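Chemist: What shape does this take:
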Amino acid sequence: MQDAPLRLIAARENQVFRVDYSNAAYALRLHRPGYRTDAELRSELKWMGAVDAGGLHVPTPIAGLSGDYLHRVDGVQIDLLSWLSGAPIGETGAALDHADPPALFQALGREMARLHTVSDAWTLPPGFTRCAWDQAALLGNDPLWGRFWENPSLTQSHVELLQAARAKASARLATTSSTLDYGLIHADLVRENVMQDGDRLQLIDFDDSGFGYRLFDIATTLLKNLSEPGYDDLKTALLDGYRSVRPINTTDLDLFLLLRALTYVGWIVPRMNEDGSDIRNRRFIETATRLAQNYLTTP
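Modeler: Residues are numbered from 1 along each chain as shown. Sure thing, here's the model as predicted:
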């Protein structure tokens, strides 16, 4: 691919370039320094390959001339994936623009369930390692995405509210976590990471994937649609689609909506200097405090 034209597509967590070569397109990823180890990235690529082999539509890892899938250039971790055509199903914060949103979310529920089913059937290769979205990572003293209760924009009443919700949520998970569906999850199936090409849905950006509660995947998708006028219909459609493939106990879904909301309050802290962070921070805090209040007042 020497001298092949490339174009910057995204520069958020990772830098993603489109590379056109020999009548085909590819996604070249330059990973954010320090976020993932080489072992974690190799594990991610192996899982994506297994998911692709299982019949889902995801980017396929492409080996270099050396046969390796992950490379380091000047200390930067780089990999290459197949390019997926189509467009994201929407944009976070904007009204959902789709001819039939419930049908879309029913299809997304099916794809999410298929992802979990294929993952459960896959035998993990030696050395496989990814992060865990478990109780400690969500509610422990050192959460995976940061100590959300220390967000500097929180008022004292906000801190007390979130700490109270954290304590109640921890007690609940301590008694129910062993009964919840747990395994490999995408962990970021928001609108931007679901591509539609005709009737086909494609899942991209496995950067935050790891081991976690399957309700966490469902909650991640639903959380970004709470403000949609047809939210209840979208929720029903997503769950119906999921259950058409595999069962899921949603008794604790409201808990996981809260847990997902809390992660963003921690995630934004080291990104306070980025463009648009003020607006996102306020939105994250408003959503988390509202869900925390609801959770605390629900028996």
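
Chemist: Residue 74: neighbouring residues, count only.
Modeler: For residue 74, the count of nearby residues is 5 (other Cβ atoms under 10 Å). All C-beta atoms are positioned from the backbone trio N, CA, C, and that covers glycine.

Chemist: same deal with residue 82?
Modeler: 15.

Chemist: pLDDT wise, what is it at?
Modeler: If you check residue 82, the pLDDT there is 97.

Chemist: Verify the contact between it and residue 60 for me.
Modeler: Yes. If you go by Cβ atoms under 8 Å, residue 82 and residue 60 touch, sitting 4.2 Å apart.

Chemist: The residue lying closest to residue 84 once chain neighbours are set aside: what's it in contact with?
Modeler: In this structure, residue 84 finds its nearest non-sequential neighbour in residue 202, 4.8 Å apart by Cβ to Cβ, 6 or more residues apart in numbering. If a contact means Cβ atoms under 8 Å, 6 or more residues apart in numbering, then residue 202 has 57, 58, 84, 86, 194, 195, 196 as its contacts.

Chemist: Spit out the contact partners of the second one.
Modeler: Think residue 58. Contacts of residue 58 (Cβ under 8 Å, 6+ apart): 48, 51, 52, 84, 202, 203, 204, 206.

Chemist: Keep only those of those that are in helices.
Modeler: 48, 51, 52 (DSSP state H).

Chemist: State the number of residues packed around residue 266.
Modeler: Residue 266: 20 neighbours (other Cβ under 10 Å).

Chemist: Could you tell me the per-residue confidence at it?
Modeler: 98.

Chemist: Tell me if I am right that it is in a helix.
Modeler: Yes. Applying DSSP: H, G, I helix; E, B strand; the rest coil, one finds residue 266 inside a helix.

Chemist: What is the neighbour count of residue 30?
Modeler: Residues near residue 30, counting by other Cβ under 10 Å, number 16.

Chemist: got a list of what it touches?
Modeler: 14, 15, 16, 17, 76, 77, 78.

Chemist: With residue 163 instead?
Modeler: Taking Cβ under 8 Å, 6+ apart, we find residue 163 in contact with residue 149.

Chemist: Please point out which parts of the helix or strand hosting it sit buried.
Modeler: Element membership for residue 163 (DSSP states H and E) is helix 156-176. For helix 156-176, burial by neighbour count (16 or more other Cβ atoms under 10 Å) applies to 158, 161, 162, 165, 166, 168, 169, 173.

Chemist: Equivalent analysis for stretch 74-92, please.
Modeler: 77, 78, 79, 80, 81, 83, 84, 89, 90.

Chemist: which residues touch stretch 168-181?
Modeler: Residues contacting stretch 168-181 (Cβ under 8 Å, 6+ apart): 116, 134-135, 138-139, 213-215, 248-249, 252, 255, 258-259, 295-296.

Chemist: For the closest residue to residue 292 other than its chain neighbours, give me its contacts.
Modeler: Distances taken as Cβ to Cβ, 6+ apart place residue 165 nearest to residue 292, at 3.7 Å, with adjacent residues excluded. Contact partners of residue 165, counting by Cβ under 8 Å, 6+ apart, are 258, 262, 292, 295, 296.

Chemist: give me that answer again for 10 Å
Modeler: 139, 149, 255, 258-259, 261-262, 288-289, 291-296 (Cβ atoms under 10 Å, 6 or more residues apart in numbering).

Chemist: How about residue 277?
Modeler: 268, 269, 270, 271, 284.

Chemist: Greatest separation within those residues: which pair is it?
Modeler: Greatest spacing in these, by Cβ to Cβ: 270 and 284 (13.5 Å).

Chemist: which one of these two has more residues nearby?
Modeler: residue 284 (22 against 11).
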